[in-house]
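In: Can you look at this prediction? I've put the sequence above it.
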Protein chains: 2
Amino acid sequence: MLDATLSRIDNEIDQSLNRLFDFLKIKSISTDSKFKQDCDKAADWLVEDLKSFGANAEKHNTDGHPIVTGNLGPDTGPHVLFYGHYDVQPVDPIELWDTDPFEPTLENTPIGPVIRGRGSSDDKGQLMTFVEACRAWVSENGSLPFKVSFFFEGEEESGSPSLIPFMEKHKKEISSDIVLICDTGLFDNKVPAIVTRLRGILKEEIEITGPDKDLHSGLYGGVAANPAKALVNVLSALHDKNGAITIPNFYDGVEELPQNIKNQWRSLKFNHNYFLSEVGLSTLAGESDRSALEMLWSRPTCEINGMKSGYIDEGFKTVLPSQASAKISFRLVSNQDPFKISNSFREMVKSLIPPDCKVSFGNRDASKASQMNTSSPEFEKARQAISQEWDIEAAFIGSGGSIPIAGYFQEITGVDPMLIGFSKDDDQIHSPNEKYDLESFRKGIRSWARVINSFSELQNV
Amino acid sequence: MLDATLSRIDNEIDQSLNRLFDFLKIKSISTDSKFKQDCDKAADWLVEDLKSFGANAEKHNTDGHPIVTGNLGPDTGPHVLFYGHYDVQPVDPIELWDTDPFEPTLENTPIGPVIRGRGSSDDKGQLMTFVEACRAWVSENGSLPFKVSFFFEGEEESGSPSLIPFMEKHKKEISSDIVLICDTGLFDNKVPAIVTRLRGILKEEIEITGPDKDLHSGLYGGVAANPAKALVNVLSALHDKNGAITIPNFYDGVEELPQNIKNQWRSLKFNHNYFLSEVGLSTLAGESDRSALEMLWSRPTCEINGMKSGYIDEGFKTVLPSQASAKISFRLVSNQDPFKISNSFREMVKSLIPPDCKVSFGNRDASKASQMNTSSPEFEKARQAISQEWDIEAAFIGSGGSIPIAGYFQEITGVDPMLIGFSKDDDQIHSPNEKYDLESFRKGIRSWARVINSFSELQNV
């Protein structure tokens, strides 16, 4: 049953790729309202694709972008829900792309064939690994061994504003025994992994305004408040000289890592020099007394993601700018409370604003960190299944990224989701030239077929 | 002779305005290479216009935008040279303009009719006040009373890179007894003024690079160097808590103001509260122990004119940016040496750059501060002439802005130029909705006719 399904996956990989390419061509950028119709189109595409192999499927409109749900398989065995997101990151700086981000290509590269295009890895390519596994299973065996629910959102890259209301309203339909999420990567580009610790996130936008228009810096410079100066003073005050974050009470709720987890992570022999060298760096930044994995998986951060003020184009304009703005995000761990931190951050910013400047804050977007309990049998079943596919012992790891949906499932349905994914560090997700290795895609599909097979051995859990 | 000329100016103001509007429609933005042809067109327009009232005129190509020269009048009496610039500032943020910046209009406003459009004040409108005065004089009297040379450049807003080589090469032709420059304003919006102190300027662009591409702040945040953070640390270190500039040796050469000048400036009764309130501010920034005029006219400054890093569009992108850049300008006074300051600034910046970040600097653009000797008779002649036109005692004042050309004339031809202009504080030069009061334009033309008349009484000086 499994072997035949795996062979079918290999034999039909070209058709799977063609479907993914159709999906990748849809410009479903959720953060930019210009692409609202494209997000809708991506949702429709998914509904049609699920129906094409027998699932019932439905598009649910929300205040933002639609949510797609679907069901397939008998009411026996565990009920498994799979989550993915069809929205993608913006593509700028567009001039740094070597190909059109929405004209996906299969490229031969020194590391093997890769699927190039926005969303190829994050998350359309990963989402489709599970869909293709289900399709192959059904084609080969007539039906799935248990009930699978599909749950796809289109606002993951823009803070999922419609998701919690939807999950709360449809709590019964989305309740399941097992939750699978495919939005993470291989450890160290080769070890299959289940992510059991995720950092939370807090996103803040601040805008400082001063004079009511841009001023001539000769006529006003020196006597008029400069919001760009106010902004750099605020932003530079967020860290101390040792890299620690200075916001009052920021570290409340941060737990030190238990020794057994520290040991487990150490056994992964993470090579941070190689990790940094891949992006042109060589020196570990951040807290000077912590290891790289510890900082990435178990320590909070504060990063400037963008800032803008005054004249930024070619040449020089000696303006004294009327405003300055920045986007800042915090990665959170353990029991840090995003809303308490947001309030403390905002109070600190306000206290640093000079006379004649005003500060305003954008929508805050926040989720807590989460940790999974790996003692339930499906975690070990899945770990063994993916170990077999990749022929290397799979690991329980942490992730520096934030996948708020994991926490939502824990809070709303009480299930600790299993985060399994196949992306690599060099996939350039959120950057120009995003790619997904063909190997990740093919072995990803095969991994899910093995996971489905392993779960079929579970009784109702 | 003078009275008839003044009447002609008033009677023919509509024709003068039409010519100015034609000139304003040319998009001669010198800082942006997209507008190179427009700059050339503006130079051609000036040549034709000078010829139209009998001047010989010539366009000189340079490595940048052309320089226009012309001559008119007999070889008797003082030789007077007039300088203006035909290039204008960029127009962004374009969305804040109420009208098309290059479709000038005459608008009735509560403060009277104003000419609206980019360059209306800085400097096309001001330049044309002198040209129109000469045209009216010639129309009325057949010829000018002495030799006038016109000298117009098209790179004033982009650091005048071609000007010094041109002036040195054509030193003989541009040598004159008197130099007039029209690129300054009325004091306090009503008092005609001759600017006798100008701040110098140093413009610096810095770019800090870190990772070789934008990174995912979850996957790399905390362990990878963030150039935006490096930039805010550098920029916030440029001032101390009292507003003083911290660059080593920055204040070398800054002289304290003599008591007699302090007294003269105090007698101008400058209302800094009103000055600030006009741009939505209320609190004097800068050095806490200095008066506003003292800071504006006799103290150096350091301002951030623009900065940019990472994702700055709608929504949120949690990137860790690969680069961060800023434009910074310094206003200089007395004997501050711009190149020494530039070197000291760059050394300081380099010393603050963390491991894994690199800094590069753009072209620096610099000019020293300058002071005019007002004891030669033409200064007093001109002061009396403009006092008569505006019916209020004209003043010798300072200016916070930088007009490097003034220093170039001092250095290359040995003449202290006379800076006379008619713009107002609310002209929004360098900002959206730039305007020039019709009164400034008309009385500006009349002022120059009076100055020409007063100089005709001078023997060869």
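Out: Yep, it's here.
In: Quick check: pLDDT value at A:Arg461.
Out: Careful, residue A:461 is Val and not Arg. pLDDT, A:Val461: 45.
In: Tell me, please, where in chain A the pLDDT is lower than the cut-off.
Out: Within chain A, the ranges that satisfy pLDDT under 70 run A:459-461.
In: Identify the residue nearest the geometric centre of it.
Out: A:Ile403 (5.3 Å; C-alpha atoms, centre = their mean).
In: can you pull the contacts of it?
Out: A:Ile181, A:Asp183, A:Thr184, A:Val195, A:Leu198, A:Leu419 (C-beta atoms under 8 Å, 6 or more residues apart in numbering or on different chains). Quick note: C-beta positions are derived from backbone N, CA and C, even for glycine.
In: so A:Gly119 sits in a helix?
Out: No. Checked against DSSP: H, G, I helix; E, B strand; the rest coil, A:Gly119 lies outside a helix; its state is coil.
In: Who are the contact partners of the residue nearest to it when sequence neighbours are not counted?
Out: Residue nearest to A:Gly119 in three dimensions, not counting chain neighbours: A:Val88, with 3.9 Å by C-beta to C-beta, 6 or more residues apart in numbering or on different chains. The contact partners of A:Val88, by C-beta under 8 Å, 6+ apart, come to A:Lys27, A:Ser28, A:Ile29, A:Ser30, A:Arg118, A:Gly119, A:Asp122, A:Asp123, A:Lys124, A:Glu157.
In: Kindly recompute the last result at 6 Å.
Out: A:Ser28, A:Ile29, A:Arg118, A:Gly119 (C-beta atoms under 6 Å, 6 or more residues apart in numbering or on different chains).
In: swap in A:Ile420?
Out: A:Ile420 neighbours (C-beta under 6 Å, 6+ apart): A:Ile194.
In: Any idea what the residue nearest to A:Gly119 is bridged to?
Out: A:Ile29 (DSSP bridges).
In: My guess is A:Pro90 contacts A:Ile29. True?
Out: Yes. Under the criterion of C-beta atoms under 6 Å, A:Pro90 makes contact with A:Ile29 at 5.3 Å.
In: most neighbours, which of the contacts of A:Val88?
Out: Ranked by neighbour count (other C-beta atoms under 10 Å in any protein chain shown), these have A:Gly119 at the top, with 33 neighbours.
In: What distance do you get for that one to A:Phe455?
Out: Distance of A:Gly119 to A:Phe455, computed by C-beta to C-beta, to the nearest Å: 27 Å.
In: What of A:Ala395?
Out: 20 Å.
In: Compare these two (neighbour count), which wins?
Out: More neighbours surround A:Phe455 than the other of A:Ala395 and A:Phe455, with 24 against 21 (other C-beta under 10 Å).
In: Return the residues in contact with the closest residue to that one other than its chain neighbours.
Out: Leaving aside its sequence neighbours, A:Phe455 sits nearest to A:Pro78 (C-beta to C-beta, 6+ apart; 5.8 Å). Applying C-beta under 6 Å, 6+ apart to A:Pro78 gives the contacts A:Phe146, A:Asp177, A:Ile178, A:Phe455, A:Leu458, A:Val461.
In: Show me which of the residues you listed are buried.
Out: Burial by neighbour count, 16 or more other C-beta atoms under 10 Å in any protein chain shown: within the contacts of A:Pro78 this picks out A:Phe146, A:Asp177, A:Ile178, A:Phe455, A:Leu458.
In: so how far is B:Asn249 from the first one?
Out: As for A:Phe146, its distance to B:Asn249 is 76 Å (criterion: C-beta to C-beta).
In: What of the fourth one?
Out: A:Phe455 sits 72 Å away from B:Asn249 when distances are taken as C-beta to C-beta.
In: before we move on, the earlier item: which of the contacts of A:Ile403 tops the neighbour count?
Out: Neighbour-wise, these (other C-beta under 10 Å) top out at A:Leu198, 31 neighbours.
In: Next one: it from A:Tyr408, what distance?
Out: 12 Å.
In: Which neighbours do these two have in common?
Out: Contacts common to A:Leu198 and A:Tyr408, judged by C-beta under 6 Å, 6+ apart, are absent.
In: The stretch 51-200 of chain A: helices as residue ranges?
Out: Ranges of helices in the stretch 51-200 of chain A, per DSSP state H, counting those that start in this stretch, are A:124-141, A:163-169, A:171-174.
In: What residues of the longest one count as buried?
Out: Meaning helix A:124-141. A:124-138, A:140.
In: who's in contact with it?
Out: Here helix A:124-141 has contacts from A:1, A:4-5, A:8-9, A:16, A:20, A:23-24, A:53-54, A:82, A:84, A:144, A:182-183, A:421, A:436, A:441, A:444-445, A:448-449, A:452, using C-beta under 6 Å, 6+ apart.
In: Would you show me how to pick out the buried ones of those residues in ChimeraX?
Out: Selection of buried members from the contacts of helix A:124-141 for ChimeraX, criterion 16+ other C-beta under 10 Å:
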select /A:5,8,9,16,20,23,24,54,82,84,144,182,183,421,436,441,444,445,448,449,452
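In: how many neighbours does A:Leu186 have?
Out: 25.
In: In contact with it, which residues?
Out: A:Phe422.
In: for A:Val414, helix, strand, or coil?
Out: For the record, residue A:414 is Gly, not Val. coil.
In: did I read that right, A:Leu17 in a helix?
Out: Yes. A:Leu17: assigned to a helix according to three-state DSSP.
In: and the closest residue to it other than its chain neighbours, how far is that from A:Arg442?
Out: Excluding the flanking residues, the one nearest A:Leu17 by C-beta to C-beta, 6+ apart is A:Leu106, at 6.8 Å. A:Leu106 sits at a distance of 12 Å from A:Arg442 (criterion: C-beta to C-beta).
In: what do you get for A:Asn373?
Out: Applying C-beta to C-beta to A:Asn373 and A:Arg442 gives a distance of 31 Å.
In: Domain-wise, how is chain A divided?
Out: A:2-198+A:370-455, A:200-254+A:300-367 (automatic domain parsing).
In: For the first one, measure first residue to last.
Out: Counting by C-alpha to C-alpha, to the nearest Å, you get 12 Å between the two ends of domain A:2-198+A:370-455.
In: Same question for stretch A:172-190.
Out: Start-to-end, stretch A:172-190 (C-alpha to C-alpha) is 37 Å.
In: same thing with stretch A:196-215?
Out: End to end - C-alpha to C-alpha - stretch A:196-215 spans 52 Å.
In: Same check on stretch A:53-64?
Out: Start-to-end, stretch A:53-64 (C-alpha to C-alpha) is 28 Å.
In: Report the buried residues of that stretch.
Out: Neighbour count says stretch A:53-64 has A:Gly54, A:Ala55, A:Ala57, A:Lys59, A:Gly64 buried, by 16+ other C-beta under 10 Å.
In: cool, stretch A:153-172 as well?
Out: Buried-residue list, stretch A:153-172, by 16+ other C-beta under 10 Å: A:Glu153, A:Gly154, A:Glu155, A:Glu156, A:Glu157, A:Ser158, A:Gly159, A:Ser160, A:Ser162, A:Leu163, A:Phe166, A:Met167.
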